[in-house]
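J.: here's a sequence, model it:
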Amino acid sequence: METAYVQSNQPEGVPPLELTGERTLPDVPEENYWYRRHLVVYEWIAAQASGQRVVDMACGEGYGSEVLSRTARSVVGVDANPQAHEHARLRYVRPHLRFARDLVERFSEECDAVVFLQTIEHVQNPGEILEHFKAMLAPGGVAYVSTPNLLTLAPEGAEKSENPWHVKEYRAHEFRRLCADHFGQVELYGLFHARKLAAHEFAIRRLGWDTVHRRLGVTRAFYDRFTPAIAASDFKLVAGDDALLDRALDFVAVCRG
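T.: Just a heads-up that it's a prediction; the model follows:
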């Protein structure tokens, strides 16, 4: 029987969400790695989008929209899921932040920045969606689109991971080409481990730490402490060519024109 993970310590009157694998959630200690991995990109975009009108497409639980609203002129978080929308609407109440329950293909409002993180791999019509985002942008506007790297997500040689929510997963050159087919200028960044996650990765690859902790019988005790301690600063965004980015965890495309 699979363990159900539900958000803990929610404000009074805010219904907690259950972790399904379709979206990441804060306030689930076992999910903290993935939550922080997504959060660092939202924080990076918030620094770029200061004073702008932002639409956060497929915003899910709403934590990213709230981060964006700390610097943006206004933010709309858009999600079609009724439970996620209700949770976000009740939990994240800030000036200049609102939530709309709608499909990303249908919602349209002029803005300076569209944010679409870790979702393009879920859709059947990525090209149409990118064209829709392009049409929403005011002159000089930017679309921020992220997706996981097939090469670090799926087993070696596989064309897709086992994630049932994903339709298409991309290599660096595939994702760059997809974005360039719809925008005149595309900058591609890769997300990598930093600080203690980089040290942990080194320990596994070079020192055989995964074998050691199993032999010592401390796997559960170690990760019960290590995973909740992961912070957004344990990841870094790096620009580079496809050879470098093929080693990234996720890709972040900054698309203009």
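J.: from here on, contacts and neighbour counts on C-alpha atoms
T.: Noted.
J.: list the buried ones in stretch 225-240?
T.: For stretch 225-240, the neighbour count (16 or more other Cα atoms under 10 Å) marks 227-228, 230-232, 234-238 as buried.
J.: mind picking the two most distant members of those?
T.: Between any two of the buried residues of stretch 225-240, the greatest separation by Cα to Cα is 24.5 Å, found for 228 and 238.
J.: and the nearest residue to residue 70 once chain neighbours are set aside, what does it touch?
T.: Of all residues not flanking residue 70 in the chain, residue 46 sits nearest, at 7.6 Å (Cα to Cα, 6 or more residues apart in numbering). Counting by Cα atoms under 8 Å, 6 or more residues apart in numbering, residue 46 touches 67-72.
J.: in helices, which of those residues appear?
T.: For the contacts of residue 46, the ones inside helices are 67-69, with DSSP state H as the criterion.
J.: adding neighbour count, pLDDT and distance to residue 176, write those residues out as TSV.
T.: Shown next, in TSV, are the ones in helices among the contacts of residue 46 (neighbours: other Cα atoms under 10 Å; pLDDT from 0 to 100; distance: Cα to Cα, whole Å):
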residue	neighbour count	pLDDT	distance to residue 176
67	19	98	26
68	30	98	25
69	27	98	28
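J.: can you list these in a markdown table and add distance to residue 78?
T.: Below are the ones in helices among the contacts of residue 46 laid out as a markdown table (distance: Cα to Cα, whole Å):
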| residue | distance to residue 78 |
| --- | --- |
| 67 | 15 |
| 68 | 13 |
| 69 | 14 |
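J.: do I have it right that residue 183 meets residue 257?
T.: Yes. Assessed by Cα atoms under 8 Å, residue 183 is found in contact with residue 257 at 5.2 Å.
J.: so where's this structure uncertain?
T.: Within the chain, the segments meeting pLDDT under 70 span 1-2, 206-209, 212-213, 216, 218.
J.: so where do the strands sit in it?
T.: Using DSSP state E, the strands of the chain run over 53-57, 74-79, 97-101, 111-116, 137-148, 185-193, 235-239, 250-256.
J.: in TSV: those strands, plus distance to residue 205.
T.: Written out in TSV, the entries for these read as follows (distance: least, Cα to Cα, whole Å):
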stretch	distance to residue 205
strand 53-57	36
strand 74-79	39
strand 97-101	43
strand 111-116	32
strand 137-148	21
strand 185-193	13
strand 235-239	18
strand 250-256	20
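J.: just the CA coordinates for stretch 174-183, please, in PDB.
T.: Provided in PDB are the C-alpha atoms of stretch 174-183 (Å, rounded to 0.1, in the frame of the first residue of the first chain):
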ATOM      1  CA  GLU A 174      15.300  19.500 -28.600                       C
ATOM      2  CA  PHE A 175      14.100  22.000 -26.000                       C
ATOM      3  CA  ARG A 176      16.100  24.800 -27.500                       C
ATOM      4  CA  ARG A 177      14.800  24.000 -31.000                       C
ATOM      5  CA  LEU A 178      11.200  23.900 -29.700                       C
ATOM      6  CA  CYS A 179      11.500  27.400 -28.200                       C
ATOM      7  CA  ALA A 180      13.400  28.800 -31.100                       C
ATOM      8  CA  ASP A 181      10.600  27.600 -33.500                       C
ATOM      9  CA  HIS A 182       8.300  30.100 -31.800                       C
ATOM     10  CA  PHE A 183      10.500  32.900 -30.400                       C
END
